[in-house]
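Enquirer: I would like to see how this sequence folds:
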Amino acid sequence: MRALIDVTTYERDANTLELPWPFTGREDELELIRRSLTAGRHGIVVTGPAGSGKTRLVTEAVRGTDCARVTGTPQTRELSFAAFAHLLPETVTLHRAVQLLCGVRLLVVDDAHLLDEASAGLVHQLAVHGRTRLIVIVADGAPVPGAVLRLWTGELLPRLALEPLPREETAALIATAGAAEPLTVNRLHRLCHGDLRLLRDLLGALRESGPLTPVPGTDERAWRGPLPVTATVRERVAPLLDRPERGTLERLAFAEPLPPHLGELDLDALERLEADGLIRVDERGGVRLTHPLHGPALRATAGTLRARRLARTPQECAPALDTERAALARAIDATDVRAVPTPVGEWLAEQGAPVPTRYAAVRARFSRLRGELREAAAWAREGLRTTPGDASCRTELALAAAQMGESVVAPAGRPAADESDVSPLPVEVRVWAAAARGDLDGALHQLDPDSGDGAYGLYDAVRLGAPGAAAGRLPDGGPFARHADAVARGDGPALDRAAEALEARGFLLFAAEAHAQAVRAHRDPRAARTSRTRALALARRCQGARTPALSGLVLGELTARQRQIVTLAAAGLSNRQIAERLTLSVRTVGNHLYGAYTRLGAGDRGALPWLVELPDEQSA
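Expert: The predicted model follows:
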């Protein structure tokens, strides 16, 4: 039996493969796969779009375990048992193959949609017998052999449908290749649409060809300008270039960010493209390309003369940009900051065109209120790029920095060392500058209910734990007033309900703060743990938010060992010193820290002193 079965381990495979970056994110999916391999379980089927990281996820899940691996390929679909050629004799029946492989404890089947029929039948029979645990990887959108399809439709194995990597986890992945500013992260996330292979390809091209430029005042880099035409981009756009409707597709591509006039297009061609899922009709009746990559890719592969003839100019987009700005302003005034489409502003920023300060300031404020603090700072910088002295953009940049716990920049461009340094700035900046320094009393002293910022200025008092300053002055029945009332009464369940109302309106940071305040108000420890979990989940989506309400929450979601190691790292000990103190290997310490960074939303140990409130005995 052993002579016929070449059992390999993913630990060895992982060391020989050139992996593009460390594994990050997908914590829930990783745990689900690992649980599927425990006693009494028979494995799992993992499905998802091509390039979504299915194989990488499974590799991480089975790292360090002995397993056999087979892979389907297009070239061998007509050869019986081709995928199992390295595990079986040259001639074998299905019955004999099942007997030979029943001794394998774990079998990973990659690209199972490409298996030959005999191999697919063998995988199905192994699942039926239940002696071999199976992890079967299948790509979405491809024809699947019936025997493989019946693994989950016949309920032999559970199915994990892998969703595209969320924006926060995409950002963490990009950060391992270098710090990119938020608008660049958003652009890459949108273009790749969960295709990690394409993401790796684009990042490599951007590093090599040099369009990543430093962002002044930060350690980040920004990508502005056209899409690099890489091998993967060409592969993704090739089916479009061969279509008879290519001319219509290019007109749609060059019309972006605005939808074209329907009278300019071939309606028969549009109907065919819609039937194939390549275009969509938006809520206003405009026709757009479905996949975010297709427009930039078609523009990048078009000839120079055609591009000059079809391309839009920023001036043509000015009326639409004003409409977009007005929609953002209305949402802010209505205290409802759920996502608003902003294709025109994003297009201007991506092209490196000047973004008017009146737009940039409103866009920054909208992002800040949503809890997208780094994004808010990025939009403010876009406005300051052309008008460095704009007061509104400077205010938004300062508020975003303060709510991330960073130094506020005074008007002269230097960090504000004390209250007098920021006195020329608006009152809300002075409030949050004091809070960022840890001077909560000073922040509350700075509060001015009549500062002119309306409900948002009053609401700062609630966020800082002093609802009395806003009592009776917030809109009745609204989420801000409900939050203020719950804080004043110290009512944990009411704070959780207020947080849910805030989240429903898009105020993710405010919701995280309300849940965090509920942790301290709850009398039931289980309810407090639930509030803590919710606060942490929302805070991780707020791009580095470090407000007083969130202080002291983050360590609750770590394992005991992670908390111990993170506390020592925050005290300044190196990985080797921690390893010696705890009698662990340096590699184990590094793995624990990496897992903790992922859970805490921290980029490195530089963020740990803020995240950890160190008792004297631990910091000694």
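
Enquirer: low-confidence ranges in the protein?
Expert: Scanning the chain with the threshold set as pLDDT under 70 gives 1-22, 409-424, 449-452, 552, 554-558, 560, 598-620.

Enquirer: how is it carved up into domains?
Expert: Per the record, the chain has its domains at 8-161, 167-223, 231-312, 317-406, 447-551, 557-619, by automatic domain parsing.

Enquirer: Out of those, which is closest to Ala436?
Expert: Judged by Cβ to Cβ, the one of these that comes nearest to Ala436 is domain 317-406, at 4.3 Å. Any C-beta I mention is one placed from the backbone N, CA and C, and that applies to glycine too.

Enquirer: Distance from that closest one to the middle of the chain?
Expert: Relative to its chain's centre, domain 317-406 lies at 20 Å (Cα atoms, centre = their mean, to the nearest Å).

Enquirer: picking that back up, rebuild the domains of the chain as TSV, extending it with distance to Asp441 and mean neighbour count.
Expert: TSV is the format used below for the domains of the chain (distance: least, Cβ to Cβ, whole Å; neighbours: other Cβ atoms under 10 Å):
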stretch	distance to Asp441	mean neighbour count
domain 8-161	38	18
domain 167-223	30	18
domain 231-312	47	16
domain 317-406	16	21
domain 447-551	10	20
domain 557-619	18	16
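
Enquirer: Adding distance to Ala435, write those domains out as a markdown table.
Expert: Below are the domains of the chain laid out as a markdown table (distance: least, Cβ to Cβ, whole Å):
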| stretch | distance to Ala435 |
| --- | --- |
| domain 8-161 | 30 |
| domain 167-223 | 21 |
| domain 231-312 | 37 |
| domain 317-406 | 7 |
| domain 447-551 | 6 |
| domain 557-619 | 13 |
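
Enquirer: and after the host helix or strand of Val128, which helix or strand comes next?
Expert: Assessed by DSSP states H and E, Val128 sits inside helix 117-129. Once the chain leaves helix 117-129, the next helix or strand it forms, by DSSP H and E, is strand 133-139.

Enquirer: quick one: strands adjacent to that next one?
Expert: Strand 133-139 sits in its sheet next to strand 43-48 (parallel), strand 106-110 (parallel), going by DSSP bridges.

Enquirer: Next, the angle helix 117-129 makes with it.
Expert: 140 degrees (axes from the mean of the first three to the mean of the last three Cα atoms, to 10 degrees).

Enquirer: Name the next helix or strand downstream of strand 133-139, please.
Expert: Downstream of strand 133-139, the first helix or strand assigned by DSSP H and E is helix 146-153.

Enquirer: List of residues touching that next one?
Expert: Helix 146-153 is contacted by residues 45, 112-113, 115, 117, 120-121, 123-124, 127, 134, 136, 138, 156-159 when judged by Cβ atoms under 8 Å, 6 or more residues apart in numbering.

Enquirer: mind redoing it with 10 Å?
Expert: With contacts defined as Cβ atoms under 10 Å, 6 or more residues apart in numbering, helix 146-153 is touched by 42-45, 47, 72, 109, 112-115, 117-128, 134, 136, 138, 143-144, 154, 156-161.

Enquirer: Among the strands paired with strand 133-139, which comes closest to Gly210?
Expert: strand 43-48 (32.9 Å).

Enquirer: still on that earlier bit, just list what the helix holding Val128 packs against, helices and strands only.
Expert: Under the contact criterion of 3 or more Cβ pairs under 10 Å, 6 or more residues apart in numbering; DSSP states H and E, helix 117-129 touches strand 43-48, strand 66-71, helix 94-101, strand 106-110, strand 133-139, helix 146-153.
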